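S.K.: got a structure for you, letters missing:
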């Protein structure tokens with residue numbers, strides 16, 4: 001990619017998506033100049049990656065795990081602070097000398113603010129039971145998802161850090177997201 005600045009392209013699931021923002025972060029941190037090609041979702045970008053019409057993409061693992069396992073695409077590195085149980089042989093970017101090239105997709109369960117405390121506690125208990133279920137965790141790994149649980153206070157801190165980090169990236173790159 002460095003040998004062909006601006007000649008190679010990376011696909012994303014659309015302007016302003018996490019896959020677009022991470023691609024821009026990758027470019028800024030590595031100094032590699034690639035052209036962004038926005039798609040309407042990861043499936044179309046993956047199709048073009050498999051077909052050789054784009055050189056790279058920065059998807060979340062579940063979007064490409066089947067193609068990786070079928071040897072249609074090759075995972076080069078993971079944007080993770082630690083090794084993956086799902087793709088244990090793939091190096092992570094901090095391991096390759098890029099300590100700040102880390103991102104993850106995450107999902108949270110929210111309830112309306114006035115929800116009574118007993119209902120919140122019941123939901124938390126049921127969610128915790130699901131997230132610690134061996135069958136659920138195994139199924140998630142099959143589809144490329146690693147389950148990580150956080151306490152409420154940890155999650156609140158995590159979401160604040162994520163907001164600041166991504167806002168700073170957008171500001172520093174002067175990205176125009178419409």
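M.R.: Everything's here; your move. Just so we're clear, the structure is a prediction, and the values are computed from it rather than from any experiment.
S.K.: rest of the way, CA atoms for contacts and neighbours
M.R.: Will do.
S.K.: looking at the helix or strand residue 140 falls within now, give me its mean pLDDT.
M.R.: In the assignment (DSSP states H and E), residue 140 maps to helix 134-142. Mean pLDDT, computed over helix 134-142, is 93.
S.K.: in the helix or strand just after it, which residues are buried?
M.R.: Per DSSP H and E, the first helix or strand lying C-terminal to helix 134-142 is helix 152-173. The neighbour-count check on helix 152-173 (16 or more other CA atoms under 10 Å) flags 166, 169-170 as buried.
S.K.: redo the residues you listed as a markdown table? Include distance to residue 37.
M.R.: Shown next, in a markdown table, are these (distance: CA to CA, whole Å):
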| residue | distance to residue 37 |
| --- | --- |
| 166 | 20 |
| 169 | 19 |
| 170 | 18 |
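S.K.: before we move on, back to that, now the helix holding residue 140: buried residues?
M.R.: 137, 140-141.
S.K.: what's the answer for stretch 26-41, then?
M.R.: By 16+ other CA under 10 Å, the buried positions in stretch 26-41 come out as 26, 32-39.
S.K.: and the end-to-end length of it?
M.R.: End-to-end distance for stretch 26-41: 20 Å, by CA to CA, to the nearest Å.
S.K.: that stretch - what's its average pLDDT?
M.R.: On average, stretch 26-41 scores 93.
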